[in-house]
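Q: Model the following, please.
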Amino acid sequence: MFIPKPFRQYDMDAIIELIGAYPLATVSYVADGTAQACHVPVLSEHTDGGIRLFTHVARANPIWQHLDTPWLLSFVGASHYISANWYPSKALTHKEVPTYNYQAVHIRAMPSIATGADAIQILAKTTDYFENQLHTINSEHTPWRLTDAPDEFIQKMCQALVAIDLQVIDIQASFKLSQNKDAQNRQGVIDGLSQLNTHESDMMAKLVAKFAKS
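A: Below is the predicted model of the structure:
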């Protein structure tokens with residue numbers, strides 16, 4: 001993807017944090033010469049060689065039959081419209097225009113089907129991740145585990161799913177968070193967002209402050 005230099009993100013911890021917070025990926029692939037896409041949760045974990053990605057899809061979803069070329073996984077994080085009126089310099093020169101801030105990560109990865117115990121492990125790690133998130137938000141929530149259901153039932157359900165390992169080829173990340181503006185105008189963006197008092201605006205205000213250029 002096109003990434004202007006001020007917005008290119010190399011910090012793998014920040015990239016993995018975004019994937020964890022926004023795991024629903026748009027997965028693009030080629031089928032019979034035509035671009036296709038579907039939406040599935042994709043999780044990551046650290047390995048000695050970098051990161052490992054994994055997911056699962058319904059067996060009825062034809063995506064798993066197209067493993068001969070890499071998939072493109074797109075993760076979109078926080079985003080928000082930025083008004084030109086929030087820049088103090090606009091009042092002086094009127095030479096400012098609106099823009100749109102966002103976070104996006106693109107990963108090209110080679111897919112392969114996981115079978116047997118590896119497939120069960122992918123399903124268990126996926127449910128454990130989301131169930132533990134719920135428990136973190138609400139300590140009274142009891143996490144559901146694969147072992148809560150009868151083994152025969154789980155085995156039958158697994159027949160309707162395909163677990164997939166994703167070998168990372170390339171990672172590109174764009175965190176467009178007003179880094180190209182000076183400190184005064186960045187503060188104007190933060191103040192303007194904060195006045196909106198929404199979850200999305202508060203999140204973007206914090207990100208603009210966090211990723212401000214030194």
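Q: tell me the SS of the closest residue to Glu131 other than its chain neighbours?
A: Take Glu131 and drop its neighbours on the chain: the residue closest to it by C-beta to C-beta, 6 or more residues apart in numbering is Pro143, 3.6 Å away. Where C-beta positions appear, they are placed from N, C-alpha and C, glycine not excepted. With DSSP: H, G, I helix; E, B strand; the rest coil as the basis, Pro143 sits in coil.
Q: Run a quick neighbour tally on Pro143.
A: Using other C-beta atoms under 10 Å, the number of residues around Pro143 comes to 14.
Q: in terms of contact, does it touch Asp128 like I think?
A: Yes. Between Pro143 and Asp128 a contact is recorded at 7.1 Å, counting by C-beta atoms under 8 Å.
Q: if we can go back for a sec, so what's the residue nearest to Glu131 up against?
A: By C-beta atoms under 8 Å, 6 or more residues apart in numbering, the residues touching Pro143 are Asp128, Glu131, Asn132, Leu134, His135.
Q: Let me know the closest of those residues to Thr198.
A: Proximity of the contacts of Pro143 to Thr198 (C-beta to C-beta) peaks at Leu134, which lies at 23.1 Å.
Q: Could you save the contacts of Pro143 as JSON lines and add columns showing distance to Pro6 and neighbour count?
A: Shown next, in JSON lines, are the contacts of Pro143 (distance: C-beta to C-beta, whole Å; neighbours: other C-beta atoms under 10 Å):
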{"residue": "Asp128", "distance to Pro6": "38", "neighbour count": "15"}
{"residue": "Glu131", "distance to Pro6": "38", "neighbour count": "15"}
{"residue": "Asn132", "distance to Pro6": "36", "neighbour count": "12"}
{"residue": "Leu134", "distance to Pro6": "37", "neighbour count": "13"}
{"residue": "His135", "distance to Pro6": "38", "neighbour count": "13"}
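Q: Columns secondary structure and distance to Ala35 on top of the residues you listed, output as a markdown table?
A: As requested, the contacts of Pro143 are exported to a markdown table (DSSP: H, G, I helix; E, B strand; the rest coil; distance: C-beta to C-beta, whole Å):
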| residue | secondary structure | distance to Ala35 |
| --- | --- | --- |
| Asp128 | helix | 33 |
| Glu131 | helix | 34 |
| Asn132 | helix | 35 |
| Leu134 | helix | 35 |
| His135 | helix | 39 |
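Q: quick one: which of these is nearest to His80?
A: Of all the contacts of Pro143, Leu134 has the smallest distance to His80: 26.2 Å, by C-beta to C-beta.
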